[in-house]
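okay, here's the prediction I keep looking at, along with the sequence it came from:
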Amino acid sequence: MNSYQKIRQEFSIPRHEYFNFADDIIDKWALECPEKLAMLWVDDNGCERRISFSQMSDASKRAANCLADAGIQRGDTVILMLGRQVAWWEIMTACLRMGVIVSPGTTQLSEKDIAYRANATEASCIVTDIHNVAKLKNIREQCSSVKAIFSVGGASPSCADYDALLDAASSTFGKVKTASNEDALCYFTSGTTGYPKMCIHNHIYALGHTTTGKYWLDLKSDDLHWNLSDTGWAKAAWSSYFAPWLQGTAIFVHATTGFDPGASLDMFKRYDITTFCGAPTIYRMFVQQDLSEQNFNKLRHCVGAGEPLNPEVIEVWKKATGITIYDGYGQTESIILCGNMTGVEPRFGSMGKPMPGIDLAVVNEAGETVAPGEEGDIAVNVHPVPPLGLFKGYKNQIEKTKACFRGDWYITGDRATIDEDGYFWFVSRSDDVILSSGYRIGPFEVESALLEHSAIAESAVVSSPDPDRGEVVKAFVVLVDTTQASDSLVKELQQHVKTVTAPYKYPRKIEFVESLPKTVSGKIRRVELREEEWSNG
């Protein structure tokens, strides 16, 4: 029996009836090793904070009291719209501690995005930074369920001052006995039609990330782990929260206003970062720098996720650092499902093998596993019970939840093949969702934003190949009769989309066309446009 088979055979996570990450993990570390480093936080101004598990435990209890004093109760939803401020970790932990559902979102959300999320979740509270408070002022009356807004990093007349209240709050907070299957997190995930769906995870989802931390990130208790992911995405829950702290690993956080590959590479010189996780876009930008000038002496393990990783980039990075990037695959709806694990020979360009505790396969339309080399849908076996870490469903969308299942299988929406040795090889998305720089972008949202502009008669949005971002948003637009195509109109439309929805969704490419390909029933055939775009790319 080889090591991979042995790990899979011996792997087991107890399915507790009750579980609370704050009480059972963070408070445990705080009690057993009160001075153990939980986070090393730095910013662009040279400020550094070293935060122990004991300090994080106390701060989260104070944050819980702040929320409770504002009337937030168990079962309520808090929208958490912060960047890499320490408060993000404090409030994530506070919400879990209280049995409050936390819904993280990127700070790039527009007023329209925020109002949609607040009303869809019936959120009781929004926590954001001082820079985003203005957005909330303009939509407050549209969000009847919101009874409290907290501002982090500065006071605002219309919001509660989180920092001041945290300093004054008590660090005593009673335990809340949350059931393992109780709702804990709500992530919004984009699809091909309609606005983003609400993906619900339970409390024991956190324990599912044991595999993420132990077998993919290869974390040890004395590591310093850096994950470059926006706090609004589920990947932050993976690698900036649950997985490291399950292993007792310290998290490195660089709070910066924007990504600068040179400045980020300098972090490896200045700090003893041992493990690193980044989207392929990050690595593509890194390898364009002069890596010979860098110091990677402490770095021992690197992983990539969010989109397929180019084998060429893996080679350049390995030549500079001596380290192979271990690709991994998972979703907002899951933990890591498949990956190149330490101790198992990686294959460049492969997604790796199924993680311990995950029965993964490639299946056909009938739900039958396919032969090696044959393309099909990546699927997770949910019989007799779903694996830990798989989502509960899409809130208030029973039919869309049901559509994800085929017999005993959860269908991920991605296509792949498996080789004779059991390695998975990504082929494509089975829908039109665009994965750009680690961001998941639904074409419907961009099309809807474009249609709000008076110059647009019709639009279709697809992915387009890009050497740095993997793929980018491209819009094919049909103009109204009175409008002429021009470079200035391209810029105007791009700015319009940035204003109407989150800026990361704007089309970096726009092509004016006379008409769009459609089915007999009049439905736009995005697949035709996408295939043409990639065949010409």
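Here it is on my side, so go on. For clarity, every value in this text was computed on a predicted model and none was experimentally measured.

what are the ranges of the strands in the stretch 401-537 of the chain?
Listed in chain order, the strands of the stretch 401-537 of the chain (DSSP state E, counting those that start in this stretch) span 405-406, 409-418, 424-429, 434-436, 439-441, 456-466, 470-479, 509-512.

kindly reformat these as TSV containing mean neighbour count, mean pLDDT and distance to residue 275.
Backbone N, C-alpha and C define where each C-beta goes, glycine included. Converted to TSV, these look like this (neighbours: other CB atoms under 10 Å; pLDDT from 0 to 100; distance: least, CB to CB, whole Å):
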stretch	mean neighbour count	mean pLDDT	distance to residue 275
strand 405-406	16	96	35
strand 409-418	20	92	26
strand 424-429	18	80	23
strand 434-436	23	83	23
strand 439-441	22	81	23
strand 456-466	21	89	28
strand 470-479	22	92	23
strand 509-512	17	95	35
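
nearest to residue 51, of the ones you listed?
strand 439-441 (28.4 Å; CB to CB).

what's the closest one packed up against?
Judged by 3 or more CB pairs under 8 Å, 6 or more residues apart in numbering; DSSP states H and E, strand 439-441 is in contact with strand 434-436.

strands of the stretch 51-200 of the chain, start to end?
77-81, 101-104, 125-129, 148-152, 160-161, 183-189, 197-202.

ditto for the stretch 251-400 of the chain
Going by DSSP E, counting those that start in this stretch, the stretch 251-400 of the chain shows strands at 275-278, 301-304, 325-330, 336-339, 353-354, 360-363, 376-381, 393-394.

stretch 490-509: end-to-end distance?
Chord length of stretch 490-509, first to last residue, is 8 Å (CA to CA, to the nearest Å).

quick one: contacts of it?
106, 108-110, 112-113, 436-437, 439, 441, 445-446, 449-450, 452-453, 455-456, 461, 464, 466, 472-475, 477, 510 (CB atoms under 8 Å, 6 or more residues apart in numbering).

may I see the strands of the stretch 401-537 of the chain organised as a markdown table, with distance to residue 234 added?
Output for the strands of the stretch 401-537 of the chain, formatted as a markdown table (distance: least, CB to CB, whole Å):
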| stretch | distance to residue 234 |
| --- | --- |
| strand 405-406 | 20 |
| strand 409-418 | 14 |
| strand 424-429 | 17 |
| strand 434-436 | 13 |
| strand 439-441 | 9 |
| strand 456-466 | 20 |
| strand 470-479 | 18 |
| strand 509-512 | 27 |
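
residue 173 is nearest to which of those strands?
Comparing the strands of the stretch 401-537 of the chain by CB to CB, strand 439-441 comes nearest, at 34.6 Å.

circling back to that earlier point, output the strands of the stretch 251-400 of the chain in a markdown table; the columns should cover mean pLDDT.
Shown next, in a markdown table, are the strands of the stretch 251-400 of the chain (pLDDT from 0 to 100):
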| stretch | mean pLDDT |
| --- | --- |
| strand 275-278 | 95 |
| strand 301-304 | 94 |
| strand 325-330 | 92 |
| strand 336-339 | 95 |
| strand 353-354 | 96 |
| strand 360-363 | 97 |
| strand 376-381 | 95 |
| strand 393-394 | 97 |
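
that older thread, any idea which of the strands of the stretch 401-537 of the chain gets closest to residue 226?
Closest among the strands of the stretch 401-537 of the chain, once you apply CB to CB, is strand 439-441, at 19.4 Å.

what residues are up against residue 516?
458, 460, 476, 478, 524-525, 529.

now the residues you listed as TSV including distance to residue 515?
Below are the contacts of residue 516 laid out as TSV (distance: CB to CB, whole Å):
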residue	distance to residue 515
458	8
460	10
476	10
478	6
524	10
525	12
529	12
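
could you dump the strands of the stretch 51-200 of the chain into TSV with distance to residue 251 added?
Listed next are these as TSV, based on distance: least, CB to CB, whole Å:
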stretch	distance to residue 251
strand 77-81	17
strand 101-104	16
strand 125-129	20
strand 148-152	18
strand 160-161	26
strand 183-189	18
strand 197-202	20
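
okay if I get those strands as CSV plus mean pLDDT and distance to residue 500?
Formatted as CSV, the strands of the stretch 51-200 of the chain follow (pLDDT from 0 to 100; distance: least, CB to CB, whole Å):
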stretch, mean pLDDT, distance to residue 500
strand 77-81, 98, 18
strand 101-104, 98, 21
strand 125-129, 96, 19
strand 148-152, 96, 23
strand 160-161, 95, 29
strand 183-189, 96, 17
strand 197-202, 97, 20
